[in-house]
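Student: Here is my input; please provide its structure:
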Amino acid sequence: MHPATRLSFVAALGLLGPGAHAASSTPYDIVIRHGQVIDGTGAPGYTADVAIRDGRIAAIGALDDAHAARVIDAHGMVVTPGFIDMLDQSGHALLQDGHAPSKIFQGVTTLVTGEGESVAPLNDRILDEEGAGARPAWRTLKGYFRQLQGKGIAVNFGTYVGAATARAMVVGYGDRQPTADELKQMQAIVAGAMRDGAFGVSTALQYPPATYSTTAELIALAKTAASYGGIYATHMRSEGDGEMAALDETFEIARASHIPVEIFHLKVAGHQNWGNMPAVIARIEAARAQGLDVGADTYAYTAWGNDLASFIPPWAHAGGNARLLERLQDPQSRARIEKDMRTPSDAWSNDWLEVPGPHAVEITSVDDPSLKDLEGQRLDDIARRWHEKPIDTLLDILIKDHAATDVAVFGMAQPDVTLALKQPWMSICDDASAQAPTGPLGQGHPHPRAYAAFARIITRYVRADHALTLPEAIHKMTGLPAQRMHLAHRGTLRKGMWADIAIFDPARLRAPATFEDPKQLAQGMSYVLVNGVPVIAQGRMTPALPGKVLRGPGFKGGDR
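Tutor: Sure, this is the predicted structure:
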């Protein structure tokens with residue numbers, strides 16, 4: 001933004017303080033005075049002023065004589081880097097509302113998305129599977145970025161390219177392996193996305209068609225991403241009974257591809273596995289000791305969010321949703337599905353046997369308007385109303401809702417969650433799309449992590465449980481994820497860094513969203529700045545859309 005334009009903007013928002021000078025020759029656009037700077041490195045806080053010019057931090061220190069278009073009094077508050085969401089789901093949501101209220105009211109200023117599937121690239125095969133509706137104007141990641149930046153966003157945004165997206169574009173949704181030529185086509189798709197600015201390649205191996213991928217296929221795609229300096233990020237093949245084997249596969253991919261690894265939403269799933277987190281951590285520590293670059297992230301709730309269709313065995317998904325629905329309605333296939341769901345197996349991650357019971361499954365979102373009354377209801381309660389067994393209710397909901405239902409699954413133990421959170425290589429995510437209490441982003445009954453995951457790290461794990469110090473928590477939300485994503489100019493407060501900044505009183509921060517009443521914005525952020533422009537000012541959202549598309553190391557010529 002041109003300096004004069006920036007000054008006009010802050011003046012329009014009423015941000016010019018008494019005695020401030022608004023002339024174009026003013027040394028600084030904004031000076032934040034007398035806050036406790038927690039810089040994102042994990043170091044203790046210190047009292048200092050922070051000056052911003054042209055979107056970047058221009059100075060930090062005692063700046064009592066500095067003049068600025070706006071002076072923000074941060075006395076009694078902390079000044080931190082803006083938070084980085086290591087697993088976001090807002091690829092489509094930002095095109096509906098670029099302000100992303102559920103994110104910015106928590107202090108989140110940067111989103112990293114693309115869990116196994118990515119919003120681009122696309123072809124007709126993928127669009128046909130997704131069904132009716134307006135077809136997007138883009139087909140490449142470059143085209144999507146152009147559309148997103150043209151519309152305007154309040155947050156910075158980056159993405160992986162999904163391995164399942166490459167597979168679907170070339171192989172489709174069937175349970176088969178790619179030919180040698182098809183694998184080369186998949187690698188070319190990954191390479192093209194890396195050149196367009198993807199941060200790496202990602203997988204979500206519990207979900208078809210990714211489930212059908214072999215380790216060798218994943219190594220080939222990871223090697224392509226690695227050749228552009230990318231990351232391999234993964235929702236592993238199992239987070240429950242098969243977790244140790246899934247970790248071994250992850251490390252094999254890292255070792256063979258010479259690529260850093262980020263494990264999405266690390267957890268121990270399934271009541272029979274509760275208490276296994278120390279063994280999971282020991283396995284990761286051993287891999288790190290052998291020289292593998294392995295990190296992870298967490299949203300720190302005991303319930304995960306998922307598609308209800310994830311309860312169905314992989315073979316029933318082959319061919320896509322249309323074939324799944326056919327099988328659910330065929331008596332023989334349905335009987336086989338139910339039998340597989342009730343039978344222990346090492347061949348797939350069986351959520352039905354991992355949950356403590358049907359009360360652990362809450363419907364969070366439906367596609368069919370006639371089923372809206374199910375949102376926020378537990379599976380066993382619905383089954384009682386429908387006078388059927390819970391497993392039949394699950395299958396019937398999928399049929400009625402065309403396999404588009406989302407759920408929260410209460411399948412983790414708090415001691416495992418807390419222990420994982422405390423690890424020095426653990427970053428924070430929310431694994432959620434941007435939301436708003438009303439409007440186009442206000443549909444459904446989401447997992448409360450969409451509104452509260454980052455704020456709750458401070459309100460629960462710092463302030464209430466004392467599991468983390470405040471500098472440790474800030475580091476996990478800022479400096480550590482920036483380091484993992486190679487964001488050299490973000491994530492810490494230093495001269496020359498982009499001015500993504502959160503200003504708040506930790507004692508006043510609130511995360512009111514609950515499973516019963518999730519659509520409640522976090523409270524307590526006084527200011528949130530993205531690239532030096534307030535998107536939250538005096539606790540209120542501004543009209544500004546200063547976010548940038550961030551591009552990975554394969555893109556040449558961009559500022560990251």
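Student: tell me what the strand of greatest length in the chain is packed against?
Tutor: Longest strand of the chain, by residue count under DSSP state E: strand 28-37. When contacts are defined as 3 or more CB pairs under 8 Å, 6 or more residues apart in numbering; DSSP states H and E, strand 28-37 packs onto helix 3-12, strand 46-53, strand 56-61, strand 68-73, strand 78-81, strand 501-504. C-beta: built from backbone N, CA, C; applies to glycine.
Student: Which one of those lies nearest to Glu516?
Tutor: Judged by CB to CB, the one of the helices and strands packed on strand 28-37 that comes nearest to Glu516 is strand 501-504, at 25.7 Å.
Student: chain center to the closest one, what's the gap?
Tutor: Its chain's C-alpha centre and that of strand 501-504 lie 20 Å apart, by CA atoms, centre = their mean, to the nearest Å.
Student: Each with direction, which strands does it pair with?
Tutor: Applying DSSP bridges to the sheet, strand 501-504 is found paired with strand 78-81 (antiparallel), strand 525-530 (antiparallel).
Student: So for Gln523, what's the nearest residue that isn't a sequence neighbour?
Tutor: Among residues not flanking Gln523 along the chain, Arg510 sits closest, at 4.0 Å (CB to CB, 6 or more residues apart in numbering).
Student: does Arg255 belong to a helix or a strand, and which?
Tutor: helix 243-257 (DSSP states H and E).
Student: quick one: strands adjacent to the helix or strand following that helix?
Tutor: Per DSSP H and E, the first helix or strand lying C-terminal to helix 243-257 is strand 261-263. Sheet pairing for strand 261-263, assigned by DSSP bridges, gives strand 231-235 (parallel), strand 294-298 (parallel).
Student: that older thread, out of the helices and strands packed on strand 28-37, which gets the lowest mean score?
Tutor: Looking at these, the lowest mean pLDDT belongs to helix 3-12 (a mean of 38).
Student: Going by contacts, tell me the helices and strands next to the lengthiest helix in the chain.
Tutor: Secondary structure of the chain per DSSP state H: the longest helix is helix 180-196. Packed against helix 180-196 by the contact rule (3+ CB pairs under 8 Å, 6+ apart) you find helix 141-151, strand 161-162, helix 163-170, helix 215-226.
Student: before we move on, back to that, would you point to the one among the strands paired with strand 261-263 that's packed deepest?
Tutor: strand 231-235 (a mean of 27; mean count of other CB atoms under 10 Å).
Student: got the CA positions of that one in PDB?
Tutor: Extracted as PDB, the C-alpha positions of strand 231-235 are listed here (Å, rounded to 0.1, in the frame of the first residue of the first chain):
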ATOM      1  CA  ILE A 231       7.700 -30.200   2.700                       C
ATOM      2  CA  TYR A 232       5.900 -33.500   3.100                       C
ATOM      3  CA  ALA A 233       2.900 -33.000   5.400                       C
ATOM      4  CA  THR A 234       0.700 -35.900   6.300                       C
ATOM      5  CA  HIS A 235      -2.500 -37.000   8.000                       C
END
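Student: nearest to Lys184, of the strands paired with strand 501-504?
Tutor: Here strand 525-530 is closest among those (CB to CB), at 39.9 Å.
Student: Using JSON lines, lay out the helices and strands packed on helix 180-196 together with mean pLDDT and mean neighbour count.
Tutor: Shown next, in JSON lines, are these (pLDDT from 0 to 100; neighbours: other CB atoms under 10 Å):
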{"stretch": "helix 141-151", "mean pLDDT": "97", "mean neighbour count": "18"}
{"stretch": "strand 161-162", "mean pLDDT": "98", "mean neighbour count": "31"}
{"stretch": "helix 163-170", "mean pLDDT": "98", "mean neighbour count": "25"}
{"stretch": "helix 215-226", "mean pLDDT": "98", "mean neighbour count": "22"}
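Student: would JSON lines of those with distance to Glu338 be doable?
Tutor: What follows is the helices and strands packed on helix 180-196, written out as JSON lines (distance: least, CB to CB, whole Å):
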{"stretch": "helix 141-151", "distance to Glu338": "40"}
{"stretch": "strand 161-162", "distance to Glu338": "30"}
{"stretch": "helix 163-170", "distance to Glu338": "26"}
{"stretch": "helix 215-226", "distance to Glu338": "30"}
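Student: Out of these, which is closest to Glu362?
Tutor: helix 163-170 (25.9 Å).
Student: Let me see the ranges of the helices in the stretch 351-500 of the chain.
Tutor: 351-354, 379-386, 390-400, 414-421, 449-456, 470-477, 479-484 (DSSP state H, counting those that start in this stretch).
Student: According to the record, where do the domains of this structure fall?
Tutor: 1-81+435-479+495-546, 83-303+427-434, 307-410 (automatic domain parsing).
Student: Lys556 is nearest to which of those domains?
Tutor: Of the domains of the chain, the one closest to Lys556 (CB to CB) turns out to be domain 83-303+427-434, at 8.0 Å.
Student: Not counting its neighbours along the chain, what's nearest Ala164?
Tutor: Nearest to Ala164 is Ala210, by CB to CB, 6+ apart, at 4.1 Å.
Student: Name the nearest residue to Pro49, sequence neighbours excluded.
Tutor: One thing to correct before we go on: residue 49 is Asp, not Pro. Nearest residue to Asp49, sequence neighbours excluded (CB to CB, 6+ apart): Leu63, at 3.9 Å.
Student: and that neighbour, what does it touch?
Tutor: Counting by CB atoms under 8 Å, 6 or more residues apart in numbering, Leu63 touches Val31, Arg33, Asp49, Ala51.
Student: Next, count neighbours for the third one.
Tutor: Residue neighbour count, defined by other CB atoms under 10 Å, stands at 23 for Asp49.
Student: Ok, Arg508 next?
Tutor: Using other CB under 10 Å as the criterion, the residues surrounding Arg508 number 12.
Student: Surely Asp175 and Tyr212 touch.
Tutor: Yes - between Asp175 and Tyr212 there is a contact under CB atoms under 8 Å: 4.8 Å.
Student: where do the strands sit along the stretch 451-560 of the chain?
Tutor: Counting by DSSP state E, counting those that start in this stretch, the stretch 451-560 of the chain has strands at residues 501-504, 525-530, 533-537, 540-541.
Student: Distance to Leu398 and mean neighbour count for those - can I get that in a markdown table?
Tutor: What follows is the strands of the stretch 451-560 of the chain, written out as a markdown table (distance: least, CB to CB, whole Å; neighbours: other CB atoms under 10 Å):
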| stretch | distance to Leu398 | mean neighbour count |
| --- | --- | --- |
| strand 501-504 | 40 | 26 |
| strand 525-530 | 39 | 26 |
| strand 533-537 | 39 | 25 |
| strand 540-541 | 37 | 15 |
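Student: Include distance to Met277 when you put those into a markdown table, please.
Tutor: Listed next are the strands of the stretch 451-560 of the chain as a markdown table, based on distance: least, CB to CB, whole Å:
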| stretch | distance to Met277 |
| --- | --- |
| strand 501-504 | 29 |
| strand 525-530 | 31 |
| strand 533-537 | 35 |
| strand 540-541 | 38 |
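Student: Compare those and report which one is nearest to Leu122.
Tutor: If we rank the strands of the stretch 451-560 of the chain by CB to CB, the stretch that ends up nearest is strand 525-530, at 27.7 Å.
Student: still on that earlier bit, could you dump the helices and strands packed on strand 28-37 into CSV and include distance to Ala544?
Tutor: CSV is the format used below for the helices and strands packed on strand 28-37 (distance: least, CB to CB, whole Å):
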stretch, distance to Ala544
helix 3-12, 7
strand 46-53, 14
strand 56-61, 16
strand 68-73, 13
strand 78-81, 18
strand 501-504, 14
